[in-house]
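Student: Quick one, structure for this:
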Amino acid sequence: MIKGLFCGLTGLDITYYQNEFPSENFKSKTNDYQTFIGGPAANAAITYSILGGDATLITCLGNSTIAKAIKTELTDDYHIKVIDLAEDENRLPSLSSVLVNMQKATRTIWSGQQQFSINNETIYENLIMESSFCFSDCNIPEISINFLKKSRMSQKPIILDPGSWKSHFPECLSLADEIIASINCTPPERDLVTFLKSTSVQNIALTDGENDTLWFSNSKHGRIHIPKVEAIDTLAAGDILHGAYCYYRYHENEPFVEALEKATLVASRSVHYAGPREGVFKFMNNRF
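Tutor: A predicted model of the protein is given here:
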């Protein structure tokens, strides 16, 4: 059985839908707001599960009331096995306030993240051995580097979502097989593709919003055209792309480019709907 192992950030996104950005030192009100489980690894795992995959999520949530509610939703609604490496800590998980501009289909995010004391790291060694692939968003350096090293030792395929550039990325990226990154993920004083080609990474994709996605695979390269879709909400579109890619690449055993093309379709369709889930569910039901 194909099993996906996801490692990284999980939190709660409090999302407000408005038509303009509020001025500084002024109050703003909307009747259109929702909460969603957030975090790149969590969103990728949820997408993978919705499409039909068996997902396990290694993360840090703690034992607050909010954290318990997140774990219940992940388990009951999305059938994801959650390994919380900070389950004994009475701290808040990652919390984000998200403003979605409905006229421009842009989002502005304020994010709060705490450092947890990590324990029981050995608990996921068997999970790595049982997994078909290992995914990380590299967002929690306290666990991501060790997780990736153990995944590499177990010779599991490693897929990364590096997000915005951080100081510990060179070590993470050097352990990866496949990387799907935003074009805005730029290392200091060097080009990302040049840097990645100096590592052992085999397959590279660079996304650029509604513009073409560039891909590099060994000596080959090309581009994937993004379908034209009326964008309503781009929140988590990149995370959805990663989760869908993992599904098509490893659950469906598609080649790199074909899996990326299919994942691009899921992610591009998802932005036509508010929130990070509805578009994926509609994709599953063929109701666009």
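Student: Quick one: the strands in the stretch 1-150 of the chain, in order.
Tutor: 3-7, 11-18, 33-38, 54-59, 81-84, 94-101, 106-112, 133-136 (DSSP state E, counting those that start in this stretch).
Student: Could you dump these into TSV with distance to Ile158 added?
Tutor: Quick note: C-beta positions are derived from backbone N, CA and C, even for glycine. As requested, the strands of the stretch 1-150 of the chain are arranged in TSV below (distance: least, CB to CB, whole Å):
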stretch	distance to Ile158
strand 3-7	10
strand 11-18	23
strand 33-38	23
strand 54-59	14
strand 81-84	18
strand 94-101	23
strand 106-112	25
strand 133-136	5
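Student: out of the ones you listed, nearest to Ala67?
Tutor: Comparing the strands of the stretch 1-150 of the chain against Ala67 with CB to CB, the closest turns out to be strand 81-84 (7.6 Å).
Student: Spatially central residue in this structure, please.
Tutor: Pro40 (2.7 Å; CA atoms, centre = their mean).
Student: quick one: low-confidence ranges for the stretch 151-288 of the chain?
Tutor: Residues of the stretch 151-288 of the chain that meet the criterion pLDDT under 70 lie in 287-288.
Student: can you pull out the helices in it?
Tutor: With DSSP state H, counting those that start in this stretch as the definition, the stretch 151-288 of the chain shows helices at residue ranges 169-173, 192-197, 237-246, 256-270, 278-285.
Student: nearest to Cys134, of these?
Tutor: Across the helices of the stretch 151-288 of the chain, the minimum distance to Cys134, taken as CB to CB, is reached by helix 237-246, at 9.9 Å.
Student: closest one to Lys149 among the helices of the stretch 151-288 of the chain?
Tutor: Closest to Lys149 of the helices of the stretch 151-288 of the chain is helix 169-173 (CB to CB; 8.9 Å).
Student: Okay, buried residues for the closest one please.
Tutor: Applying a neighbour-count criterion of 16 or more other CB atoms under 10 Å, one finds 169, 172-173 buried in helix 169-173.
Student: which one among those residues gets closest to Phe116?
Tutor: Compare each of the buried residues of helix 169-173 with Phe116 using CB to CB and the shortest gap goes to Cys172, at 18.6 Å.
Student: Setting the sequence-adjacent residues aside, check what's closest to the closest one.
Tutor: Closest residue to Cys172 apart from its sequence neighbours, by CB to CB, 6 or more residues apart in numbering: Cys138 at 4.7 Å.
Student: Look at Phe281 and say how many residues are nearby.
Tutor: A count of neighbours around Phe281, defined by other CB atoms under 10 Å, yields 12.
Student: Equivalent analysis for the one 5 residues further on, please.
Tutor: When neighbours are defined as other CB under 10 Å, Asn286 has 6 of them.
Student: For it, give its distance to Arg269.
Tutor: Spatial separation of Asn286 from Arg269 under the definition CB to CB, to the nearest Å is 11 Å.
Student: likewise Thr72?
Tutor: 28 Å.
Student: of those two, who's got more company?
Tutor: Set side by side, Thr72 and Arg269 show unequal neighbour counts under other CB under 10 Å, the larger going to Arg269 at 18 against 11.
Student: from what I can see the more buried one touches Phe281, true?
Tutor: No. Under the contact definition of CB atoms under 8 Å, Arg269 does not touch Phe281, with a separation of 10.9 Å.
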